[in-house]
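Asks: Requesting a structural model of the entry that follows:
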Amino acid sequence: MINHPAGPPAHAGVDLDDGTPPRPGRGLVPLPARRRSRLRSHPRLARLTVLLAAFVCAACGLVYELELVALGDYLLGDTVTQTSVVLSVMVFAMGLGSLLAKRFTRRPATAFALVECALALTGGLSVLALYSCWAWIGRYQAAMVGLTCLIGILIGAEIPLLMTLIQRIRREDAGRAVADLFAADYVGALIGGLAFPFLILPTLGPGDGALLTGAVNAVAGAAVVLWLFREEPAPRIRRLLWAGCALVLGLLAAAAAGSDGIERAARHALYGDQVRYATRSRLQEIVLTGPAEGPLRLYLDGRLAVCGPDEYRGGEALVHPAMAAGPDARVLLLGGGDGLTLREVLRHRGVRSVELVDADPALPRLARTDPGLAALGGHSMDDPRVRTTAADPMAWLRGTTDGPYDVVLADLPAPADGGPVKFHSQEFYGLAARLLAPGGRLAVRGGGEEDGLWRIESGLRAAGLRTTPYAVPGSATAACRPGPGDAAATQDFLLAAADPPPLALAPDAPPPRTLTPDTLRASTALLAGRRPPRTPPPLTLLSPR
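Replies: This is a model prediction of the structure:
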């Protein structure tokens, strides 16, 4: 792994392949003459085997780190925070593990086998353990820090022990040995880092990927070293180490066989007994609950995104004022892969085409194939006027040659609701504004924090647009999560255009259930009175807070 402190240098007194006796006290345990002879007869092969073990262990160690980062992002959001916590705690723990390893270099092969067995078991089970803590206990952050620290200590102990093993095979200059060992370590980290997003995560997912990585770690680390240095431990200890390695592999295999059951039990604990669909896509966990006839609940990474009885509130408020302020033949919908906002768009008879851009293709596919969600969305995904594109909305805006559009709707959660800051940055709004036709409008969600609303408005204005804020009463999830705060909650929105856009309702669509022209104008006046005298700075990619 990266940032390992260097292991102990070669001393003239350690027991190497030439039979030099160990120093009194804390030196290496001498190998039998027969074993030293074997190492001398094939020193290059033995050394290459140890370097290969370092390569594989480094790859596995980086995969463990990335698994923890990805899981924290899935469950808690805020990628920057999760990455910073995991990497900083991991690097600190690796230094601590390197210091602790000095106490075990007298029997390096035995110590390395124990370290790799412990690391394989801890790292392999880490994802299932943290997911279970999140689902049943709720102490995810504390568990993540503790587990990250333990994994880091075990990873940090690898390099000093491997360095000692290399010097035991053949005495050589410490600088050359360190260079070779770190080269194998860093190249292994490169392979592990590339394999995780492009191979392990898409094909196995976080849980099974960690379990497989643990199995590879146990075989390549403990088993290889135990085979190569099998004369170091006494026969009884050697049998115990082999049994421990086999036990670790058995536990990982049992966890892999039961991982689906653990996930189902955790989801039932979180979402109730009516889980009708659950999957882990490349970008998020998608869970749909409730009977086909409703009410349905859609959870994205544990966040309640759709609540059947009230789902229309947000979609109506985002769509209908924007569609009423001018032409609406061509519409661009960013996000909205559940099909519910799209349903509101297609209620306007003037719509000729809709481009829907959602980063996760699994969500539009679910909205098209699940009977309950498809019915709730009015089978909008099957409308011939709709074209769907699976792409990151910001990357698509930057690279598209389509347009112009009469209406652009950003159905993306605000930062206060767990949405990425980049989708509400000045740069994002600038890219969207250049696709607007003359007289075109851009509608966005403002989130649940008032300061966030004005920062989003600042970003729209910095992109050259004039804005009109408005709000609708009631929470979109009040019926599913009733509470004293939900009854008085409001949802904030912003309508933007080159000229100040008016708030109205179009006559070419059925009347919305929650909106009237009077309530829209009243909410605008109320929000205008709350606008701070000093406009906050906009969110940008370089100043996201």
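Asks: How about the contacts made by Pro536?
Replies: Each residue near Pro536 by Cβ atoms under 8 Å, 6 or more residues apart in numbering is listed here: 451, 454-455, 458. (Glycine included, C-beta is placed from N, CA and C.)
Asks: Inside helices: which ones of those residues?
Replies: Under the assignment DSSP state H, the contacts of Pro536 contribute 451, 454-455, 458 to helices.
Asks: Give me the phi and psi angles of Leu71.
Replies: With angles defined as degrees, to the nearest 10, Leu71 sits at phi -60, psi -40.
Asks: residues contacting it?
Replies: Counting by Cβ under 8 Å, 6+ apart, Leu71 touches 127, 130-131, 206.
Asks: Give me the buried entries from the contacts of Pro536.
Replies: 454-455, 458 (16 or more other Cβ atoms under 10 Å).
Asks: Asp310 and Cys480 touch, don't they?
Replies: Yes: the criterion here is Cβ atoms under 8 Å, and Asp310 meets it with Cys480 at 7.5 Å.
Asks: Adding distance to Val275 and pLDDT, write the ones in helices among the contacts of Pro536 out as a markdown table.
Replies: A markdown table is the format used below for these (distance: Cβ to Cβ, whole Å; pLDDT from 0 to 100):
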| residue | distance to Val275 | pLDDT |
| --- | --- | --- |
| Asp451 | 37 | 74 |
| Trp454 | 39 | 89 |
| Arg455 | 37 | 88 |
| Ser458 | 41 | 91 |
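Asks: Inside strands: which ones of the contacts of Leu71?
Replies: Taking DSSP state E, every one of these sits outside strands.
Asks: With neighbour count added, can I get these in TSV?
Replies: Formatted as TSV, the contacts of Leu71 follow (neighbours: other Cβ atoms under 10 Å):
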residue	neighbour count
Val127	25
Leu130	24
Tyr131	22
Pro206	23
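Asks: Out of those residues, flag the one nearest to Gln167.
Replies: Nearest to Gln167 out of the contacts of Leu71 is Val127 (Cβ to Cβ; 35.8 Å).
Asks: residues touching that closest one, list them.
Replies: Residues in contact with Val127 (Cβ under 8 Å, 6+ apart) are 67-68, 71, 206-207, 209-211.
Asks: For the stretch 301-450 of the chain, just list every one of the strands.
Replies: All strands of the stretch 301-450 of the chain, identified by DSSP state E, counting those that start in this stretch, fall at 303-307, 330-335, 353-358, 386-390, 405-411, 436-447.
Asks: Of the contacts of Val127, which is the most crowded?
Replies: The most neighbours of any of the contacts of Val127, using other Cβ atoms under 10 Å, belong to Ala210, which has 30 neighbours.
Asks: packing partners for the helix or strand hosting it?
Replies: Following DSSP states H and E, one finds Ala210 within helix 201-217. Under the contact criterion of 3 or more Cβ pairs under 8 Å, 6 or more residues apart in numbering; DSSP states H and E, helix 201-217 touches helix 43-76, helix 108-132, helix 235-271.
Asks: Go through the first one and flag the buried ones.
Replies: Buried residues in helix 43-76, counted by 16+ other Cβ under 10 Å: 46-47, 49-51, 53-76.
Asks: same check, this time on stretch 261-273
Replies: For stretch 261-273, by 16+ other Cβ under 10 Å, it's 262-263, 266-267, 271.
Asks: what residue ranges in the protein are flagged as low confidence?
Replies: Low-confidence segments of the chain (pLDDT under 70): 1-41, 77-78, 292-294, 416-419, 447-450, 475-479, 481-488, 544-545.
Asks: now for the contacts of Val127, which pair is the farthest apart?
Replies: Leu68 and Leu211 (14.3 Å).
Asks: now the strand or helix carrying Asp185, how far from the chain's geometric center?
Replies: Asp185 is located in helix 174-195, with elements delineated by DSSP H and E. For helix 174-195, the separation from the chain centroid amounts to 26 Å (computed by Cα atoms, centre = their mean, to the nearest Å).
Asks: Can you show me the CA trace of that helix as CSV?
Replies: Extracted C-alpha coordinates of helix 174-195, given in CSV (Å, rounded to 0.1, in the frame of the first residue of the first chain):
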residue,chain,number,x,y,z
ALA,A,174,18.9,-2.1,2.0
GLY,A,175,18.3,0.6,-0.6
ARG,A,176,18.0,-1.9,-3.4
ALA,A,177,15.7,-4.1,-1.4
VAL,A,178,13.4,-1.2,-0.4
ALA,A,179,13.3,0.0,-4.0
ASP,A,180,12.2,-3.4,-5.3
LEU,A,181,9.7,-3.9,-2.5
PHE,A,182,8.1,-0.5,-2.8
ALA,A,183,8.0,-0.9,-6.6
ALA,A,184,6.0,-4.1,-6.2
ASP,A,185,3.8,-2.4,-3.6
TYR,A,186,3.0,0.7,-5.7
VAL,A,187,2.4,-1.3,-8.9
GLY,A,188,0.0,-3.6,-6.9
ALA,A,189,-1.8,-0.5,-5.6
LEU,A,190,-2.2,0.7,-9.2
ILE,A,191,-3.7,-2.5,-10.3
GLY,A,192,-6.0,-2.7,-7.3
GLY,A,193,-7.1,0.9,-7.8
LEU,A,194,-8.0,0.3,-11.5
ALA,A,195,-9.6,-3.0,-10.9
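Asks: List the buried residues of it.
Replies: 174, 177-178, 180-182, 184-185, 188-189, 192-193, 195.
Asks: next one: stretch 108-116
Replies: Within stretch 108-116, the residues scored as buried using 16+ other Cβ under 10 Å are 108-116.
Asks: List of residues touching that stretch?
Replies: 28, 57, 101, 104-105, 154, 157-158, 161-162, 164-165, 168, 217-218, 221-222, 225-226, 228-229, 232-233, 237, 241, 244-245.
Asks: Of the residues you listed, keep whichever come out buried.
Replies: By 16+ other Cβ under 10 Å, these give 28, 57, 101, 104-105, 154, 157-158, 161-162, 164-165, 168, 217-218, 221-222, 225-226, 228-229, 232-233, 241, 244-245 as buried.
Asks: Take those residues and keep only those in helices.
Replies: Per DSSP H, the buried ones among the contacts of stretch 108-116 map to helices at 57, 101, 154, 158, 161-162, 164-165, 168, 217, 225-226, 228, 241, 244-245.
Asks: Out of the residues you listed, flag the one nearest to Ala391.
Replies: Asn217 (35.6 Å).
Asks: Does that closest one touch Leu119 like I think?
Replies: Yes: Asn217 is within contact range of Leu119, at 6.0 Å (criterion: Cβ under 8 Å).
Asks: what do the two both touch?
Replies: Common neighbours of Asn217 and Leu119 (Cβ under 8 Å, 6+ apart) are 57, 60.
Asks: The buried residues of stretch 261-273: which two are farthest apart?
Replies: Most distant of the buried residues of stretch 261-273, by Cβ to Cβ, are Ile262 and Tyr271, 14.8 Å apart.
Asks: Tell me how many other residues surround Asp310.
Replies: So Asp310, with other Cβ under 10 Å, has 19 neighbours.
Asks: That should have said Met144, apologies.
Replies: Under the criterion other Cβ under 10 Å, the count of neighbours that Met144 has is 25.
Asks: Leu527 now?
Replies: Neighbours of Leu527 (other Cβ under 10 Å): 22.
Asks: The one 10 residues further on now?
Replies: By other Cβ under 10 Å, 13 other residues sit near Pro537.
Asks: Gly403 too?
Replies: Neighbours around Gly403, by other Cβ under 10 Å: 15.
Asks: now swap in Ala395 and tell me
Replies: Under the criterion other Cβ under 10 Å, the count of neighbours that Ala395 has is 12.
Asks: Equivalent analysis for Val354, please.
Replies: Using other Cβ under 10 Å: Val354 sits among 22 other residues.
Asks: now Thr79
Replies: 14.
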